[in-house]
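Novice: what's the 3D shape of this:
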Amino acid sequence: MWWSKSSRLVVIVAVLAATGLSGCGFRPLYARGGAQGGQSSVAAEMGGVRINGIENRLGQDLRNALLTRISPTGEPASPRYILSVVLTQSEGGLGYRKDTYATMADMRLTARVILSDEDQGSSVSGSEEALVSFDYLGPRYASVAMERDAANRAVTELADRIANRVGLALAGKTRWIKAGERPE
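Specialist: Next up is the predicted model:
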């Protein structure tokens, strides 16, 4: 036969995966709805999110990355949801030379996220974290460039995680807490 065994196996697995997911109620979070191929309800809801300012330079980078993921057409004039983020950064040395200088480090960005529904008076909160590693190189400029690249990677990862968390909350996959109510 002209198909190899591995090619047949790949086709069989793909067909089974496609039919299995359609029968279990799986629905992509950002799927376009209807025959017109319009915007999904989650994407439309995300268009109503205003992102508050975040302190320091990394916070500004994170806010800009969140804007491109959550509301790429621009911030809403009258938002229904308010996204607040508090960002903390920490670094720690991993590898050391004999003279006790670090040669490798971890950068950890932690974001405390609160999404408030202005109409309902409720909110969803949680935290996300990104951990990246980078090398300290000999020349000082090279080390600064490596650290800045690590910060950019961490911000990108954190923005993706926060945007997914917001999408899940707006899709109704997260429990909203009313003002004054205690979380379980």
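
Novice: C-alpha only now, for contacts and for neighbours.
Specialist: OK.

Novice: now whichever strand or helix holds residue 150: mean pLDDT?
Specialist: Per DSSP states H and E: residue 150 is located in helix 140-170. Mean pLDDT, computed over helix 140-170, is 88.

Novice: what is that helix packed up against?
Specialist: With contacts defined as 3 or more Cα pairs under 8 Å, 6 or more residues apart in numbering; DSSP states H and E, helix 140-170 has these neighbours: helix 41-46, helix 56-70, strand 102-117, strand 122-135.

Novice: for the third one, list every residue counted as buried.
Specialist: For strand 102-117, the buried set under the neighbour-count rule, 16 or more other Cα atoms under 10 Å, comprises 102-111, 113-117.

Novice: for that strand, packing partners?
Specialist: Using 3+ Cα pairs under 8 Å, 6+ apart: strand 102-117 touches strand 81-96, strand 122-135, helix 140-170.

Novice: quick one: closest of these to residue 9.
Specialist: The minimum distance between residue 9 and the helices and strands packed on strand 102-117 falls on helix 140-170, with 32.9 Å, by Cα to Cα.

Novice: just want the angle from the closest one to strand 122-135.
Specialist: If you take axes from the mean of the first three to the mean of the last three Cα atoms, to 10 degrees, helix 140-170 sits at 150 degrees to strand 122-135.

Novice: centre of the chain to helix 140-170, how far?
Specialist: In this view, helix 140-170 has its centroid 9 Å away from the chain centroid, taken as Cα atoms, centre = their mean, to the nearest Å.

Novice: of all the helices and strands packed on strand 102-117, which one is nearest residue 71?
Specialist: When those are ranked by proximity to residue 71, the top entry is helix 140-170, at 10.0 Å, counting by Cα to Cα.

Novice: now that closest one against helix 56-70, angle please.
Specialist: Between the direction of helix 140-170 and that of helix 56-70, the angle (the same axes, to 10 degrees) works out to 40 degrees.

Novice: so what's residue 73 up against?
Specialist: With contacts taken as Cα atoms under 8 Å, 6 or more residues apart in numbering, residue 73 has the following neighbours: residue 47.

Novice: quick one: average pLDDT of stretch 14-27?
Specialist: 62.

Novice: whoops, I mixed them up, stretch 77-95
Specialist: With pLDDT averaged residue by residue, stretch 77-95 scores 86.

Novice: which strand residues bridge the closest residue to residue 85 other than its chain neighbours?
Specialist: Nearest non-adjacent residue to residue 85, counting by Cα to Cα, 6 or more residues apart in numbering: residue 113, 4.7 Å away. When bridges are assigned using DSSP bridges, the partners listed for residue 113 are residue 85, residue 126.
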